[in-house]
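Enquirer: Attaching a predicted model along with its sequence, questions to come.
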Amino acid sequence: MVRTGTDEVYVGRDYGARQVEVTPDLVHHYAESVGDQNPWYFGDSPFGGPVAPGLVLHSEVYRDLSWYLPNIYGNLHTKQEWELFHPIMVGDTVTTRSLIVDRYIKRDREYVVKEVTCFGPDGRILHRGRTHQSFLLDTGQGTVVDKEREKRSDRRFDTGAQEPLEEIPSITKEITLEMCQKFSGPAKNYHNDIEEARKLGFPDIVVQGMMSLCFLSQMMTERFGAGWYVGGRISANLVNVLWQKEQVTCRGHVTSLAAEGTARRAHLQVWCEKPDGTKVVVGSASAVQA
């Protein structure tokens with residue numbers, strides 16, 4: 001059966017292509033919104049000039065929300081995967097193309113997975129991301145996630161007991177309203193406005209999940225440099241809500257090294273946690289290490 005409905009969200013539905021110019025202003029906006037002022041973004045880099053942050057197009061998947069299911073009350077970003085193959089240089093015009101690759105039901109939620117692939121001016125694949133968005137099966141009312149949920153025993157997540165080969169340098173961020181407005185604006189939504197958050201069943205501003213992913217990308221860039229841009233991978237579950245005005249620390253442990261041609265690939269456990277140890281994001285990552 002071939003499905004061509006204009007409203008149905010089905011596996012295989014293509015949402016077309018979009019051209020994006022990666023301007024210096026776009027890079028500056030990214031750097032300010034997440035507090036990542038890597039000098040590679042504004043001057044020389046191993047790639048021969050200013051290079052855009054690895055996840056500079058983090059929210060391209062949300063440029064068109066026609067892939068959302070009708071009930072958006074309490075919807076949450078629950079998992080994110082990224083594969084980085086080649087850097088985006090500042091000034092490049094790239095092409096993104098989006099596709100629904102999965103749809104499934106788990107407990108009280110239905111999940112839609114949208115893949116976005118980014119192509120360079122010469123047609124090569126630069127990176128690919130898969131976003132898992134969840135939607136409540138019922139219409140929803142009242143508070144969907146309160147600030148007490150993360151204290152339950154079933155919301156504590158282990159990062160593994162394996163002895164690490166290396167603990168990479170962590171980064172800590174204080175989430176401000178200004179960051180939320182820059183990262184998730186300019187339109188008001190539940191990621192940057194408390195009234196919009198309450199309309200969707202949340203007691204406070206829900207920090208956009210992609211922000212934590214960008215923090216992890218900064219951590220991986222600072223440790224692995226070009227090896228993150230060319231061959232970096234991450235698969236992360238967004239397990240608890242990060243609220244505005246909270247502090248979060250990103251951490252990573254190298255658990256193994258594997259030969260990859262003339263280099264080695266470092267495999268890591270990565271996570272983001274609040275000061276009390278509550279995990280916000282847990283997952284795995286890898287990067288090429290010379």
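Expert: Perfect, thanks for sending it.

Enquirer: how close does the residue nearest to His132 when sequence neighbours are not counted sit to Arg97?
Expert: Of all residues beyond its chain neighbours, the one nearest His132 is Lys79 (3.8 Å), with distances taken as C-beta to C-beta, 6 or more residues apart in numbering. Just so you know, the C-beta spots here come from the backbone N, C-alpha and C atoms, and that holds for glycine as well. Look at Lys79 and Arg97: by C-beta to C-beta, to the nearest Å, they are 21 Å apart.

Enquirer: cool, and His132?
Expert: Taken as C-beta to C-beta, the span from His132 to Arg97 is 19 Å.

Enquirer: out of those two, which sits in the more crowded spot?
Expert: His132 (20 against 16; other C-beta atoms under 10 Å).

Enquirer: Average pLDDT for the strand or helix carrying the more buried one, rounded please.
Expert: In this assignment (DSSP states H and E), His132 forms part of strand 125-136. The average pLDDT for strand 125-136 rounds to 98.

Enquirer: thinking again about what came up before, so the residue nearest to His132, which of the three states?
Expert: The local conformation at Lys79, judged by DSSP: H, G, I helix; E, B strand; the rest coil, is strand.

Enquirer: How about the one 4 residues further on?
Expert: Under the three-state scheme (three-state DSSP), Glu83 adopts strand.

Enquirer: who are the neighbours in contact with it?
Expert: Applying C-beta atoms under 8 Å, 6 or more residues apart in numbering, we find Glu83 in contact with 127-129, 232-233.

Enquirer: Try it again at 6 Å.
Expert: Contact analysis of Glu83 by C-beta atoms under 6 Å, 6 or more residues apart in numbering lists 128, 233.

Enquirer: Could I get the full set of helices for this structure?
Expert: Assigned by DSSP state H, the helices in the chain fall at 24-34, 177-184, 194-199, 209-224, 226-229.

Enquirer: List the buried residues of the second one.
Expert: Buried positions in helix 177-184, judged by neighbour count with 16 or more other C-beta atoms under 10 Å: 179-184.

Enquirer: cool, and stretch 271-279?
Expert: Buried-residue list, stretch 271-279, by 16+ other C-beta under 10 Å: 271-274, 278-279.

Enquirer: Excluding chain neighbours, what is closest to the residue most central in space within the chain?
Expert: For the chain, Met210 is the residue whose C-alpha lies nearest the centre (C-alpha atoms, centre = their mean; 3.4 Å). Excluding the flanking residues, the one nearest Met210 by C-beta to C-beta, 6+ apart is His58, at 4.4 Å.

Enquirer: measure the one you found to Thr96 for me?
Expert: Separation of His58 from Thr96 (C-beta to C-beta) stands at 12 Å.

Enquirer: neighbour count winner among these two?
Expert: Per other C-beta under 10 Å, whichever of His58 and Thr96 has more neighbours is His58, with 25 against 21.

Enquirer: From Gln247, how far out is the more buried one?
Expert: 21 Å.

Enquirer: same check, this time on Gly283
Expert: Note on Gly283: its distance to Gln247, by C-beta to C-beta, is 20 Å.

Enquirer: swap in Ile194?
Expert: 19 Å.

Enquirer: more neighbours, these two?
Expert: Comparing Ile194 with Gln247 by other C-beta under 10 Å, the one with more neighbours is Ile194, at 15 against 12.

Enquirer: List the residues that contact the closest residue to the more buried one other than its chain neighbours.
Expert: Nearest residue to Ile194 in three dimensions, chain neighbours excluded: Ile205, at 5.5 Å (C-beta to C-beta, 6+ apart). Contact analysis of Ile205 by C-beta under 6 Å, 6+ apart lists 180, 194, 197, 244.

Enquirer: Make a markdown table from those residues and add pLDDT and distance to Pro121 to it.
Expert: Shown next, in a markdown table, are those (pLDDT from 0 to 100; distance: C-beta to C-beta, whole Å):
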| residue | pLDDT | distance to Pro121 |
| --- | --- | --- |
| Cys180 | 98 | 33 |
| Ile194 | 97 | 41 |
| Ala197 | 97 | 39 |
| Gln244 | 97 | 38 |
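
Enquirer: Identify, from the residues you listed, the entry nearest to Arg109.
Expert: Ala197 (18.5 Å; C-beta to C-beta).
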